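Participant: could you work out the structure for the sequence below:
(2 chains)
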2 protein chains.
Amino acid sequence: MTLAFALTCGCRETAQDTDPLPSWNDGKSKQSIIEFVEKVTKPGSPDFVPPEERIATFDQDGTLWCEQPVVQLEFVIYQIKKMALDHPEWKDQLPYQAILEGDKSYLINDLTNNHGKELMKLFAATHTGMPLAEFDMEAKEFFNSSRHPKFNKMYTETVYQPMLELLQYLREHGFKTYICSGGGNDFMRVIAEDTYGIVPEYVIGSFAMNTFQQVDGSWKIVKDHKNLFINDKETKPAAIEQRLGRIPIFVAGNVRTGGDIAQLTYSETNSLPNFQLLINHDDDVREFAYAEKDNA
Amino acid sequence: MTLAFALTCGCRETAQDTDPLPSWNDGKSKQSIIEFVEKVTKPGSPDFVPPEERIATFDQDGTLWCEQPVVQLEFVIYQIKKMALDHPEWKDQLPYQAILEGDKSYLINDLTNNHGKELMKLFAATHTGMPLAEFDMEAKEFFNSSRHPKFNKMYTETVYQPMLELLQYLREHGFKTYICSGGGNDFMRVIAEDTYGIVPEYVIGSFAMNTFQQVDGSWKIVKDHKNLFINDKETKPAAIEQRLGRIPIFVAGNVRTGGDIAQLTYSETNSLPNFQLLINHDDDVREFAYAEKDNA
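Facilitator: Below you'll find the model as predicted:
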């Protein structure tokens, strides 16, 4: 009995002494997060939220890791260069030629004036037509052999330490932490578990419906382009609904193109207590500085 | 100490004495299920499967509850009749007219010879264009006020007791039990938690991508028809992949149109130990008797 009591006291002291968000500056943001988590998890509190409703969704690019450059676009470029060895005709063929020549203005113009139709061809070439297991290996090879141009680190090392702490803090309080981001389901799943502790079924991204078919006599999931769904802006709440049938009570996103405003708004429609976190990129020295263009 | 020991022994005896599947006939099926569950959950067993990989998917219609008639089609008919009060023109307009006149041969012919295109119009009229919350209320009203034509029970009472026991038995052994069925995500979610203990995020069904928009000044999910995906046959593995990014180790389906063969096959591609359960309907007295047409 004495030993048990001593151990219990020891645990309590440790819990009180440990800052759950040590990388966060002391201030209103950190204080608001902790106050929210404490009030929704305290049994008997008027704001108590049962564990099954503690759904948190996090954007990835610019919220969990650096989005300059956008990592999945770097993967597309990496793959096109690799595949070009088997496609000598690409050196004279747009859009491949622009990638091989490093002409980034071509893609920017395509996105601005052409709904990204040429970019979609590059995605189709690098993301469809192969068994899922093969795509996963390609993505792993990219992650293992690429470095961020500014930091000279692996992309999986450009994650934000404060956000890793926040994910962990929420999970320790019974939250289910999901990614809800524009990246592809299958692409993000390659790194989500090791990088963020987020299992495959908790990754909500852009997707096309893959197919189940026989390849060389074996049944396989093959990457396809049917029912393409881009997970961004107003479609993010639709994807959360399709996947979970629940409204999150905690959403984290970041400034840039207004891509997270809709999922932040969606959590505000929850009748349960809810929290919205919007990350502003204002540190040009340690990372990059950029703001919302229209102040959304 | 003595009391604790006595209690522990008591629990063990109870566990050994209690049959986890009391409604199942003793025989090979029941024995195989129990042997499988025991070997994949026993720590140190060469067939041990870690809890996060214990994914089980269950078809609904004909596997978890009676599929004669198909419940969601009864909902369509119920709604068309109700909505017809505001649509007097429907009494002379196909396909509505056929529903109002109870002409089931019209739909059978449409499904057989017309890819179900007229049926899709009926689904669009009853399943799209309204806020999700409103659709949920309509579905609840249908379930509360409809009865099965043979059994004169609510449809949620036509679930199979042996399958409820199996779901519970699997969950008690750390399995995550999912529905993977042709019914609509949103439709099945209305009854899945109360009926099967299956939470909304564990329901994998047919879907269209809904939209997030302002309705009368409030942001809402609105039922839409974009990216329509019918979850059946070879598309079931694709839906499981989109939702979970994992291959199930346990799949249960039933005979009729071969709708579950692909998801059963999918689980066989798992490198972990796996189990396939195919339910044959051979009891015309207590339910309905029907078999696979092509012996799939």
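Participant: tell me how far residue A:49 lies from chain B.
Facilitator: As judged by Cβ to the nearest Cβ, to the nearest Å, residue A:49 and chain B stand 15 Å apart. Bear in mind the C-beta positions are built from the backbone N, C-alpha and C, glycine included.
Participant: what score does that residue have for pLDDT?
Facilitator: pLDDT recorded at residue A:49 is 98.
Participant: for it, which non-adjacent residue is spatially closest?
Facilitator: residue A:40 (4.2 Å; Cβ to Cβ, 6 or more residues apart in numbering or on different chains).
Participant: tell me which element the one you found falls in.
Facilitator: helix A:28-41 (DSSP states H and E).
Participant: what's the answer for residue A:210, then?
Facilitator: Per DSSP H and E: strand A:203-215 holds residue A:210.
Participant: can you tell me what sits against the next helix or strand after that strand?
Facilitator: Next along the chain after strand A:203-215, taking DSSP H and E as the criterion, comes strand A:218-229. Outside strand A:218-229, the residues that touch it by Cβ atoms under 8 Å, 6 or more residues apart in numbering or on different chains are A:124, A:127-133, A:135, A:186, A:206-215, A:235, A:239, B:209, B:227-229, B:237-238, B:241, B:265-266, B:268-269.
Participant: mind redoing it with 7 Å?
Facilitator: A:124, A:127-132, A:135, A:186, A:206-213, A:215, A:235, B:209, B:227, B:229, B:237-238, B:241, B:265-266, B:269 (Cβ atoms under 7 Å, 6 or more residues apart in numbering or on different chains).
Participant: quick one: mean pLDDT over the helix or strand following it.
Facilitator: Tracing the chain past strand A:218-229, the next element assigned as helix or strand by DSSP H and E is helix A:235-244. Mean per-residue pLDDT for helix A:235-244: 98.
Participant: is helix A:235-244 up against chain B anywhere?
Facilitator: Yes - Helix A:235-244 reaches chain B (Cβ under 7 Å from any Cβ of the partner chain) through A:237, A:238, A:241, A:242, A:243, A:244.
Participant: how far does that helix sit from its chain's centre?
Facilitator: Offset of helix A:235-244 from its chain centre (Cα atoms, centre = their mean, to the nearest Å): 14 Å.
Participant: and it, what does it pack against?
Facilitator: strand A:176-184, strand A:203-215, helix A:261-268, strand B:203-215, strand B:218-229 (3 or more Cβ pairs under 7 Å, 6 or more residues apart in numbering or on different chains; DSSP states H and E).
Participant: tilt between the fourth one and strand B:218-229?
Facilitator: When you say that, I think you mean strand B:203-215. Per axes from the mean of the first three to the mean of the last three Cα atoms, to 10 degrees, the angle that strand B:203-215 makes with strand B:218-229 is 140 degrees.
Participant: quick check: mean pLDDT of strand B:203-215?
Facilitator: For strand B:203-215, mean pLDDT is 98.
Participant: got the CA positions of it in CSV?
Facilitator: In CSV, the C-alpha atoms belonging to strand B:203-215 read as follows (Å, rounded to 0.1, in the frame of the first residue of the first chain):
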residue,chain,number,x,y,z
VAL,B,203,-18.6,2.4,-42.4
ILE,B,204,-17.2,1.9,-45.9
GLY,B,205,-20.0,2.1,-48.5
SER,B,206,-21.0,3.6,-51.8
PHE,B,207,-20.6,7.3,-51.9
ALA,B,208,-20.7,10.5,-53.8
MET,B,209,-18.6,13.5,-52.7
ASN,B,210,-20.8,15.9,-50.8
THR,B,211,-20.2,19.6,-50.8
PHE,B,212,-19.6,22.2,-48.1
GLN,B,213,-21.6,25.3,-48.7
GLN,B,214,-23.7,28.0,-47.1
VAL,B,215,-27.4,27.2,-46.8
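Participant: center of chain A - which residue?
Facilitator: Centroid-nearest residue in chain A, with Cα atoms, centre = their mean: residue A:60, separated by 2.5 Å.
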